[in-house]
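1. Need coordinates for the following:
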Amino acid sequence: MEKDFTQVDKKRLILFALVAYGITFLMMIPMYIGKGMGLDLNQVVTAQMLSPAAAVALGYLIFLKDEKLVPKLFMRVLVINYLIMLATALLSIFAVPFRVSTVYGGQTAGNIYMRILQFSTYFCSLLIWISYFVSRRKKRKFAGLSRRKELKGIILVLIFAVLDILCAAGPVYIKGLFGGLLTSYRNQIGRAFEFLDLKRTVLLLPVSYLVSVALFIGEEYGWRFYLQPLLQKRFGKRLGIILLGLAWSLWHIPVDILTVSGPSIPQLIVLRVISCVFGGIILGWAYMKTGNIWVTVCMHFLNNTIRPIVDWIISFIPNSAPKDSWLSVALAFVVEFLFFGLFIFTKEFREPGKARKR
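-> Numbering: from 1, shown residues only. Model (predicted):
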């Protein structure tokens, strides 16, 4: 790699791979056991979301322990949060006598662990905010946690929300357009909105973000803050961001394989690659444009919130192409490339010294 890639940098990268990928793939064993018992695997999936940031934090705490500008409390919180989620993930599978068929106080064990997951997320998010605001401004800046260009960031988040809705609904819209079914689709979607309190959903978004931020800083601090600059420095801005998307999709493989059953796994894996590569481009673009990791954290939160809502609305449409069909995969590729992928041609991805000739 580059000459200025030091031995400490190499050790941090190895540690990142061991934690973010090594532990994640080892967790396929308990996930496989849990799936065989019919258990809910959400706790394991949630723990995985915190692994990239925990890996970066461990790198700071172990290899830069003498650096005074490292916000050690924040880094410790990232690690502690991951350990809490990892422990509860393992308990949700191996703890006895908790089983889905067992009822406690009128609730199944699955419901009990869902509540544990919710409260763990709230608690970990609270720790994130406390440790963030306790850390001094210089330390936050050193660790890439500064809230820079906030107004621009808010605008980018709003733009992303619109584009994400278009990406989520685009494949079904295209099918309806070419099939002459748009009028029927509108009627069915109208039925969905009879059950959806849209105003309340939108108003609750800020609260949901505050109490779940631990999950999304868990991913973004590892992918966008840490790994993206490394790959772009080594391979160039465009190839680096594509490789990051592929690395990100590889990291999702345990979830994609073990939380889905049936013949649709290959389609869902391809969909994951599409969403991670093209989604990684727009998230990477936003990070390069603002240098503010909280912007991409908010975007990631919105994506994970918007997509399930849109999928639920689409479920009211009869005979729409299943999300895991190859037709839907092809349409998703086209839509995500148009709305997300084209950002790779913006000026932020131009290499220094390669400005466009006039």
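2. Okay, strands next: where are they in the stretch 101-250 of the chain?
-> If DSSP state E, counting those that start in this stretch is used as the criterion, the strands of the stretch 101-250 of the chain fall at 103-104, 107-108.
3. how about residue 352, secondary structure?
-> coil (DSSP: H, G, I helix; E, B strand; the rest coil).
4. mind showing which ranges of this structure have poor pLDDT?
-> Scanning the chain for pLDDT under 70 picks out 1-3, 96-111, 178-186, 188, 190-194, 261-263, 318-324, 353-358.
5. longest helix anywhere in it?
-> When the chain is parsed with DSSP state H, its longest helix is helix 150-179.
6. Return the set of buried residues in that one.
-> Using 16 or more other Cβ atoms under 10 Å as the test for burial, helix 150-179 gives 153, 156-157, 160-161, 163-172, 174-176. Where you see a C-beta, it was placed from the backbone N, CA and C, and this is true even at glycine.
7. likewise stretch 333-341?
-> For stretch 333-341, burial by neighbour count (16+ other Cβ under 10 Å) applies to 333, 335-337, 339-341.
8. same check, this time on stretch 228-238
-> 228-232, 237-238.
9. And the furthest pair within those residues?
-> The distance between the two most remote of these (Cβ to Cβ) is 15.0 Å, for 230 and 238.
10. and stretch 221-228, how far out from the chain's middle?
-> Mean C-alpha position of stretch 221-228 versus that of the full chain (Cα atoms, centre = their mean, to the nearest Å) differs by 12 Å.
11. Please apply the same query to stretch 12-19.
-> Mean-position distance between stretch 12-19 and its chain equals 19 Å (Cα atoms, centre = their mean).
12. cool, and stretch 289-308?
-> Distance, stretch centre to chain centre, for stretch 289-308: 8 Å (Cα atoms, centre = their mean).
13. Alpha carbons only: can I get that stretch in PDB?
-> Output of stretch 289-308 as PDB, limited to C-alpha atoms (Å, rounded to 0.1, in the frame of the first residue of the first chain):
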ATOM      1  CA  LYS A 289     -19.100  16.600   0.400                       C
ATOM      2  CA  THR A 290     -19.600  17.500   4.100                       C
ATOM      3  CA  GLY A 291     -17.000  15.500   6.000                       C
ATOM      4  CA  ASN A 292     -19.800  15.000   8.500                       C
ATOM      5  CA  ILE A 293     -20.300  11.400   9.500                       C
ATOM      6  CA  TRP A 294     -23.600  12.300  11.200                       C
ATOM      7  CA  VAL A 295     -25.100  13.200   7.800                       C
ATOM      8  CA  THR A 296     -24.600   9.600   6.600                       C
ATOM      9  CA  VAL A 297     -25.700   8.200   9.900                       C
ATOM     10  CA  CYS A 298     -29.000  10.100   9.400                       C
ATOM     11  CA  MET A 299     -29.300   8.900   5.800                       C
ATOM     12  CA  HIS A 300     -28.700   5.300   6.800                       C
ATOM     13  CA  PHE A 301     -31.400   5.600   9.500                       C
ATOM     14  CA  LEU A 302     -33.800   7.000   6.900                       C
ATOM     15  CA  ASN A 303     -33.100   4.300   4.500                       C
ATOM     16  CA  ASN A 304     -33.800   1.600   7.100                       C
ATOM     17  CA  THR A 305     -37.000   3.400   8.000                       C
ATOM     18  CA  ILE A 306     -38.300   4.300   4.600                       C
ATOM     19  CA  ARG A 307     -37.800   1.000   2.800                       C
ATOM     20  CA  PRO A 308     -39.900  -1.200   5.200                       C
END
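14. Name the residues of it that are buried.
-> By neighbour count on 16+ other Cβ under 10 Å, the buried set for stretch 289-308 is 289-290, 292-303, 305-306.
15. sorry, back to before: take the buried residues of stretch 333-341 and lay them out in TSV including distance to residue 67 and secondary structure.
-> Shown next, in TSV, are these (distance: Cβ to Cβ, whole Å; DSSP: H, G, I helix; E, B strand; the rest coil):
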residue	distance to residue 67	secondary structure
333	43	helix
335	44	helix
336	39	helix
337	41	helix
339	40	helix
340	36	coil
341	38	helix
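16. give the contact list for the nearest residue to residue 160 once chain neighbours are set aside.
-> Excluding the flanking residues, the one nearest residue 160 by Cβ to Cβ, 6 or more residues apart in numbering is residue 299, at 4.8 Å. Contact partners of residue 299, counting by Cβ atoms under 8 Å, 6 or more residues apart in numbering, are 156-157, 160, 282-283, 286.
17. if we go to 10 Å?
-> Contact analysis of residue 299 by Cβ atoms under 10 Å, 6 or more residues apart in numbering lists 153, 156-157, 159-161, 163-164, 216, 220, 224, 279, 282-283, 286-287.
18. gap between it and residue 27?
-> According to Cβ to Cβ, to the nearest Å, residue 299 and residue 27 sit 26 Å apart.
19. Skip the chain neighbours and tell me the closest residue to residue 82.
-> Distance criterion Cβ to Cβ, 6+ apart; nearest residue to residue 82, sequence neighbours excluded, is residue 54 at 3.6 Å.
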